[in-house]
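Participant: coords please:
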Amino acid sequence: MDEGFWGRRSGGGGGAAGWEGERGSKEDEACTLKETSEEDSISSEKCDEEESEAEEERDYEDAFGQNGLCALARLAKVAEPPSKRPSCLRCRRPLKVCLCPFLPAKPLTVSSHIYILQHPAEESRVLRTVPLLAACLPRDHCSVLVGRRFPEDKYPELARVCRSPSTLLLFPGRHARKLSVGVCPDPNLAPFSLLLLDGTWRQAHNLYEGNPLLQIPQQVRLQAEECSSYVIRTQPSQTCLSTLESAACALALLEGQPQLREVLLQPLHALCSFQIQYGAQPHDSKEQLLNSGRYNKPWPRNKRKLRRLLELRY
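Facilitator: Numbers count the residues shown, from 1 in each chain. As a prediction, the model looks like this:
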């Protein structure tokens, strides 16, 4: 009885094992079918791609002919992007119009440190003055930071500089003090750090408004005495200066060395001379164009831009 019982149990166990084997075979069949369907799908996709490529080739052949299609294929193989002209490593200008002969033989000796906050749009311009300024000064006395926002956590050194009482921001704000001969900051605070904003007037204004670090009390502006020599770009008014010109005037005053101004401006004069020699036209300021009736661009519809433009008249 017991044997029969255990025998039936054993037989039952064998039945279970047989059922497991049957289920395994069904699963294998399902996997095989799934793999087969996947392979069919992949092969179908490949066929579709091949058919679409063949259709594209036929379209090109209909449009250009067999000979034209071969010519296009040859051009695609041999065509290469145009190579850039070799540039001077110091002045960053093409070798044909290198400005190094107009730069000082060695970096100028200055105690002040210049920090230039440059708008990203200015970095891609061809006729820039910041590389010329950097080429005239020692590397450890001229730093260029490119961006729109300069948060304190990402620019700790800039934050430290902005908090220093010997740091000056050259920006014509409402509370900026005049920086001219006889009107200079306390010499006991020297050496000074000078912050400059590089870009168009609108870009410089956005840099100032968008960075709380720049809201410092030590703001200075230059006395407008001469017109800008940067005549190959249109300035808002006759007294607006380029970044290089502003730095040259400010450094000459802070360092007490008037000759620094002419030394720093010499490569700018050469740059403008080269450009005019190769066909560039001198630009009058917007102020001159408006007052002489030669401003032929459409008037802006934006009220704020229109107001700024009207402020340049007379």
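
Participant: quick one: the helices in the stretch 101-250 of the chain?
Facilitator: 120-123, 130-136, 156-163, 201-209, 243-255 (DSSP state H, counting those that start in this stretch).

Participant: Go through the ones you listed and name the closest to Ile216.
Facilitator: Closest approach to Ile216 among the helices of the stretch 101-250 of the chain is made by helix 156-163 (5.5 Å; Cβ to Cβ). For every residue, glycine as well, the C-beta is placed using N, CA and C.

Participant: any idea how far Ser273 is from Val231?
Facilitator: According to Cβ to Cβ, to the nearest Å, Val231 and Ser273 sit 10 Å apart.

Participant: Pro236 is nearest to which of the helices of the stretch 101-250 of the chain?
Facilitator: Proximity to Pro236 (Cβ to Cβ) singles out helix 201-209 among the helices of the stretch 101-250 of the chain, at 5.6 Å.

Participant: any idea how far the residue nearest the centre of the chain is from Ala134?
Facilitator: The centre of the chain sits closest to Pro120, judged by Cα atoms, centre = their mean, with a distance of 3.3 Å. For Pro120, the distance to Ala134 (Cβ to Cβ) stands at 17 Å.

Participant: And Leu89, by the same measure?
Facilitator: For Leu89, the distance to Ala134 - Cβ to Cβ - is 12 Å.

Participant: hang on, the earlier thing: surely the residue nearest to the centre of the chain is in contact with Arg148?
Facilitator: Yes - the criterion here is Cβ atoms under 8 Å, and Pro120 meets it with Arg148 at 6.6 Å.

Participant: what about Leu222, neighbour count?
Facilitator: 18 (other Cβ atoms under 10 Å).

Participant: Look up how far Leu132 lies from it.
Facilitator: From Leu222 to Leu132 the distance is 19 Å (Cβ to Cβ).

Participant: what's the answer for Tyr230, then?
Facilitator: Counting by Cβ to Cβ, the gap between Tyr230 and Leu132 amounts to 11 Å.

Participant: Overlap of the contact sets of those two?
Facilitator: Residues touching both Tyr230 and Leu132 (Cβ atoms under 8 Å, 6 or more residues apart in numbering) are 244, 268.

Participant: Please enumerate the strands of the chain.
Facilitator: 113-118, 142-146, 167-170, 177-179, 193-198, 219-222 (DSSP state E).

Participant: what does stretch 158-175 rub up against?
Facilitator: By Cβ under 8 Å, 6+ apart, stretch 158-175 touches 115, 145, 150, 152, 179, 185, 189-197, 204, 208, 213-214, 216-222, 246-247, 250, 254.

Participant: and if we set it to 7 Å?
Facilitator: Stretch 158-175 is contacted from outside by 115, 145, 150, 152, 185, 189-197, 208, 213-214, 216, 218-221, 246, 250, using Cβ atoms under 7 Å, 6 or more residues apart in numbering.

Participant: Quick check: PyMOL command selecting the buried ones in those residues.
Facilitator: To isolate the buried ones among those in PyMOL, judged by 16 or more other Cβ atoms under 10 Å, type:
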select buried, resi 115+150+185+192+193+194+195+196+197+208+213+214+216+218+219+220+221+246+250
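
Participant: quick one, domains of this protein?
Facilitator: Residue ranges for the domains of the chain, per automatic domain parsing: 95-283, 286-314.

Participant: Distance to Lys84 and mean pLDDT added to those, as JSON lines?
Facilitator: Below are those laid out as JSON lines (distance: least, Cβ to Cβ, whole Å; pLDDT from 0 to 100):
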{"stretch": "domain 95-283", "distance to Lys84": "11", "mean pLDDT": "90"}
{"stretch": "domain 286-314", "distance to Lys84": "32", "mean pLDDT": "73"}
